[in-house]
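Output the structure for:
(chains A and B)
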Amino acid sequence: MRRIGVHVCARALLALLGLSAFGLACAATGASDQGRTWAEIAKLPNWQGIWQPEFGIGLAGPKALTPQAEAKYAAYMQAQKHGEDVQPVQANCLPPGMPQIMIQPYPIEFLFNPGQVVILIEAYQQERTIFTDGRKHPSDDVITPTFQGDSIGHWEGDTLVVDTIAFVPHTMIAPGIGHSDQMHIVERIRKLNPQEIEIRQTITDPKVLAKPWTVVHKYKHLDDRIREYVCEQNNRDSADSEGRAGERVGP
Amino acid sequence: MLRLRPSLVAGAAAAALLGAGAASAHHSTAMFDMKKDVTLEGTIKDFQWTNPHTWIVFLVPNRQGGTDQYGIEGMSPNYLVRNGWTKNTLKPGDKVELVIHPLKDGRKGGFNVSVKLSDGKVMYNLPHGPGG
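Reported below is the predicted structural model:
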């Protein structure tokens, strides 16, 4: 039988406090609607299956850049005219990291564990672990910049809200647009219908973006499984230090 | 035999999938002439069913009575298997027609657009139409 009492309690608290549900559990029972036990996971929305990004949305990137970022972008466009900066480091099999890892032309899959949502990403065989157990980000001193960033999240009803910080320097917001140590990504993930998941992604980076950039990415259900993708298996492409494209044509 | 034909379709969908200049995928299309289609008739020497790209080693008869060897890149097997291909779609010895976007630098290579098998069936390596 559905534990309606717990659900009502959490929502009443929300309404009263006007806050999002992060870390808030229903005081009366100690249970939550945050997927922190297997029983709670059973109440979460069903995101089983694999989901193919609708390719091309937001590919060109944000338009409202800071003067510094604008200058870097202009230099990037100029370099391309000389055949430089035309090949990204992914050609050398370095994964793109966040945010671009979420919009590769390969599917993703959501796995639920108590206190975690894990996103498997077929491209470059990556994964993101989103901690939904109520923890905060590690302190600035302790946190390690990574390709995927450090992700914590909470459920607001049927929507998973993910907060990610701390990225290695060379991931790109979009081609020609890098990020600073202040990049902060918030994603609101929900299933729209049996065939579609939506991720509403907002990126803030005061040193790069003149204002927060929001893109709504769509993912379509794909009738298949996640497949292996070992980039170094037979990679013939390359990017040199100036971003010039190479390809090994021999057998 | 080698036939040159300007591409009728700009290949925007194809360019988008490969990443075009806005390289979001494994690599950009900078080294290929995406506006040009070249048709090659010849024989499969090898079909490498691998990530990050499948790879076709292709022998094309030349004017000297011998063959030229081409190295043609294709989409990941993950993508192809979702679009009707298997690792056996091309086998050594198969006589086929390949349509490619050629390498800009003139080397014998390019990106596979489509394949016409000996039975006339056409398999696409790239999206080829609305919703393709």
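
how would you label the residue nearest to the spatial centre of chain B: helix, strand or coil?
Ranked by distance to the mean C-alpha position of chain B (Cα atoms, centre = their mean), the top residue is B:N112 at 1.0 Å. Under DSSP: H, G, I helix; E, B strand; the rest coil, the three-state class of B:N112 is strand.

List the contacts of it.
Contacts for B:N112 (Cβ atoms under 8 Å, 6 or more residues apart in numbering or on different chains) come out as B:I56, B:I72, B:E73, B:G74, B:M75, B:L98, B:V99, B:I100, B:N125, B:L126. C-beta here means a position set from N, CA and C on the backbone, and glycine is covered the same way.

where along chain A do the helices fall?
Using DSSP state H, the helices found in chain A span residues A:4-17, A:38-41, A:67-81.

which residues are contacting the longest one?
Read it as helix A:67-81. With contacts defined as Cβ under 8 Å, 6+ apart, helix A:67-81 is touched by A:65, A:85-86, A:175-178, A:207-209, A:242-243, B:21.

Would you mind reformatting the contacts of B:N112 (as CSV) and adding columns for secondary structure and distance to A:Y219 while you're at it?
Listed next are those as CSV, based on DSSP: H, G, I helix; E, B strand; the rest coil; distance: Cβ to Cβ, whole Å:
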residue, secondary structure, distance to A:Y219
B:I56, strand, 31
B:I72, strand, 31
B:E73, strand, 27
B:G74, coil, 24
B:M75, coil, 19
B:L98, strand, 32
B:V99, strand, 31
B:I100, strand, 31
B:N125, coil, 23
B:L126, coil, 21
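
Kindly state the pLDDT recorded for residue 15?
Because you didn't say which chain, this covers chain A. The pLDDT attached to A:A15 in the predicted structure is 54.

Actually, chain B is the one I wanted.
So B:A15 comes in at 53 (pLDDT).

For A:T132, which non-adjacent residue is spatially closest?
Across the structure, with Cβ to Cβ, 6 or more residues apart in numbering or on different chains as the measure, the residue nearest A:T132 apart from its sequence neighbours is A:G153 (5.0 Å).

Measure how buried that neighbour is and give me the count.
A:G153 is surrounded by 22 other residues when neighbours are defined as other Cβ atoms under 10 Å in any protein chain shown.

Kindly report the same for A:D181.
A:D181: 12 neighbours (other Cβ under 10 Å).

For it, list the residues it contacts.
The contact partners of A:D181, by Cβ under 8 Å, 6+ apart, come to A:P145.

in chain B, which spans are helices?
Along chain B, the segments classed as helices by DSSP H run B:12-18, B:77-81.

so who does A:E84 touch?
Taking Cβ under 8 Å, 6+ apart as the contact definition, A:E84 lies against A:E242, A:G243, A:R244.

So the first one is in contact with A:V89, correct?
No. Taking Cβ atoms under 8 Å as the definition, A:E242 is not a contact partner of A:V89, at 11.9 Å.

Compare the two (neighbour count), which wins?
A:V89 (17 against 12).

need the strands for chain A, in chain order.
Along chain A, the stretches classed as strands by DSSP state E are A:50-53, A:108-113, A:116-121, A:126-131, A:150-156, A:159-165, A:184-193, A:196-204, A:213-222, A:237-239, A:245-247.

Determine how far the first one lies from the middle of the whole chain.
In other words, strand A:50-53. Relative to the mean C-alpha coordinate of its chain, strand A:50-53 is positioned 13 Å out (Cα atoms, centre = their mean, to the nearest Å).

neighbours around the closest residue to A:I143 other than its chain neighbours, how many?
Spatially, and ignoring its direct neighbours in sequence, A:I143 is nearest to A:A166 (4.7 Å; Cβ to Cβ, 6+ apart). When neighbours are counted by other Cβ under 10 Å, A:A166 registers 19.

Enumerate the residues of the stretch 101-250 of chain A near chain B.
Taking Cβ under 8 Å from any Cβ of the partner chain, the part of the stretch 101-250 of chain A that reaches chain B is made up of A:103-106, A:122, A:174-175, A:222, A:224, A:227-231, A:233-237, A:239, A:245-250.

which one is A:V86 nearest to, not counting chain neighbours?
The shortest distance from A:V86 to any residue that is not its chain neighbour, by Cβ to Cβ, 6+ apart, is 3.8 Å, and that residue is B:A30.

wait, what's in contact with A:F147?
In this structure, A:F147 makes contact with A:P95, A:P96, A:G97, A:M98, A:I101, A:Q126, A:F167, A:V168, A:T171, judged by Cβ under 8 Å, 6+ apart.

Highest neighbour count among these?
A:M98 (28 neighbours).

any idea how far it is from A:F147?
Using Cβ to Cβ, to the nearest Å, one gets 7 Å for the distance from A:M98 to A:F147.

how about low-confidence regions in the chain?
In the absence of a named chain, this looks at chain A. Scanning chain A for pLDDT under 70 picks out the ranges A:1-30.

wrong one, chain B
Under the criterion pLDDT under 70, the flagged ranges of chain B are B:1-25, B:128-132.
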